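# would you be able to build a 3D model of this:
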Amino acid sequence: MVQIIHHQSTHLLPKGFYTRPAQLSDLDMVASMLNAYSRILLGVEQFRAKDMEAEWTLPDFNLEKDTCLVFAPDSSLAGYGEFWDLIAPFVRKVLWARVRPDFWGNGIGAALVAWGEGRACQQVNRAPAEARVVIQVIVSAPDSRAQKLLPQQGYRHVRSFWRMVKEFEGTPTEPAVPDGMMIRSATNNDDERRALTAAYEAFQDHWGFSPEPLEDYLERWRYFIRHDDEHDPSLWFLAEEEGEVAGVSLCRAQTSDDPHMGWVSTLGVRRPWRKRGIGLSLLQHSFCELQRRGSRRVGLGVDAQNITGATRLYEKAGMRPDRAWTSLAYEKELRPGVELSVRPDL
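Residues are numbered from 1 along each chain as shown. Here you go, the predicted model:
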């Protein structure tokens with residue numbers, strides 16, 4: 001019988017501090033606190049209540065159990081944590097937490113980590129009995145306090161994720177497209193499904209991929225599309241050859257922190273079509289369209305140790321890492337076992 005590391009809450013909040021779960025009426029308050037954090041570390045306001053509402057109302061996300069608000073004695077919001085365990089086979093639990101800068105140094109971060117770890121231990125048995133189960137905590141690279149805290153709590157740094165950016169200059173020109181290939185925008189629901197199915201397949205060899213059912217993946221995407229008033233299917237680009245989707249670039253006109261930055265949410269090429277320049281053509285096609293629509297720059301997120309050569313591709317397209325926006329994944333094993341996700345680092 002495998003041993004499970006059980007949660008022991010040894011981190012007590014300072015006198016007068018208290019916690020409760022979030023409610024939908026807290027959205028503006030939480031967004032304001034998170035923006036106080038991002039202004040100090042990143043110099044911008046990054047969070048919008050409407051985006052958070054879509055996450056809080058996601059099916060199977062339990063607002064009562066999966067959020068934790070920490071309040072100071074004067075009832076001001078000092079910290080916030082959310083716990084995620086929605087992707088089958090439920091082998092990777094994720095904690096995302098932030099502390100308002102005014103309250104750094106009060107043990108609130110440690111308390112939120114303890115809360116998240118306790119929630120994760122409650123959920124360990126959702127995973128198959130033979131599976132290795134971990135909890136990951138995602139922190140911002142400029143947050144040196146979090147990077148000091150997590151190793152003290154038994155976590156290790158396992159991955160870094162970059163934001164890469166390109167500033168637009170001059171007049172956009174259409175890129176060359178490989179022979180026999182056509183790049184076009186999505187036009188209907190069938191295109192949406194085909195694009196997402198191609199993305200699902202393209203990311204199956206990426207770090208951390210878990211073999212969840214395709215229909216679960218599609219339904220989660222559809223949910224966020226339905227709740228996104230900025231979704232524009234004409235910015236979803238499909239590369240096709242003889243009616244088959246070879247690759248996709250799924251874009252947005254702007255980011256929550258920069259109205260002048262277009263965003264490539266997903267770029268992927270299916271295995272049979274790799275090494276033909278399709279990824280670069282899709283990326284450059286996306287750049288052209290975003291620039292034509294008024295974007296001054298474009299960004300995307302990428303695994304810094306990506307094994308498919310994505311960072312080299314983006315550098316070839318003129319993108320460079322914006323190190324301030326690096327995210328770091330820290331991990332603790334909750335139960336040993338067979339690794340069911342893609343983990344070439346193990």
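# test my guess that Ile225 contacts Ala195.
No - look at Ile225 against Ala195 with C-beta atoms under 8 Å: they stay out of range, at 11.2 Å. For the C-beta atoms, the positions are set from N, CA and C on the backbone; glycine is no exception.
# wasn't Ala198 part of a strand?
No - the assignment for Ala198, made by DSSP: H, G, I helix; E, B strand; the rest coil, is helix rather than a strand.
# that older thread, ok, Ile225 and Ala195, which is more surrounded?
More crowded of Ile225 and Ala195, by other C-beta atoms under 10 Å: Ala195, with 23 against 13.
# report the contact partners of that one.
Ala186, Trp236, Leu238, Val245, Val248, Leu250 (C-beta atoms under 8 Å, 6 or more residues apart in numbering).
# from those, which land in strands?
Taking DSSP state E as the definition of strands, the contacts of Ala195 contribute Trp236, Leu238, Val245, Val248, Leu250.
# any idea how far Leu313 is from Leu280?
6 Å (C-beta to C-beta, to the nearest Å).
# now the helix or strand hosting Ile40 - C-alpha only, CSV.
Taking DSSP states H and E as the definition, one finds Ile40 inside helix 27-42. The C-alpha coordinates for helix 27-42 follow below in CSV (Å, rounded to 0.1, in the frame of the first residue of the first chain):
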residue,chain,number,x,y,z
LEU,A,27,-15.0,39.5,-7.4
ASP,A,28,-14.2,43.2,-7.5
MET,A,29,-12.5,43.1,-4.1
VAL,A,30,-10.3,40.1,-5.1
ALA,A,31,-9.4,41.6,-8.5
SER,A,32,-8.4,44.9,-6.7
MET,A,33,-6.1,43.0,-4.3
LEU,A,34,-4.5,41.0,-7.1
ASN,A,35,-3.9,44.2,-9.1
ALA,A,36,-2.2,45.7,-6.0
TYR,A,37,0.2,42.7,-6.2
SER,A,38,0.8,42.9,-9.9
ARG,A,39,1.4,46.7,-9.8
ILE,A,40,4.2,46.2,-7.4
LEU,A,41,5.8,43.2,-9.1
LEU,A,42,5.0,43.9,-12.8
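# list the helices and strands that helix packs on?
helix 49-56, strand 77-84, strand 92-99 (3 or more C-beta pairs under 8 Å, 6 or more residues apart in numbering; DSSP states H and E).
# dump the ones you listed to JSON lines, plus mean pLDDT, distance to Leu218 and mean neighbour count.
What follows is the helices and strands packed on helix 27-42, written out as JSON lines (pLDDT from 0 to 100; distance: least, C-beta to C-beta, whole Å; neighbours: other C-beta atoms under 10 Å):
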{"stretch": "helix 49-56", "mean pLDDT": "98", "distance to Leu218": "17", "mean neighbour count": "16"}
{"stretch": "strand 77-84", "mean pLDDT": "98", "distance to Leu218": "19", "mean neighbour count": "24"}
{"stretch": "strand 92-99", "mean pLDDT": "98", "distance to Leu218": "20", "mean neighbour count": "22"}
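# of all those, which lies closest to Ser286?
helix 49-56 (21.7 Å; C-beta to C-beta).
# so which elements touch that closest one?
helix 27-42.
# tell me the average confidence for the helix it packs on?
Averaging pLDDT along helix 27-42 yields 98.
# buried stuff in it?
Using 16 or more other C-beta atoms under 10 Å as the test for burial, helix 27-42 gives Leu27, Met29, Val30, Ala31, Met33, Leu34, Asn35, Ala36, Tyr37, Ser38, Leu41, Leu42.
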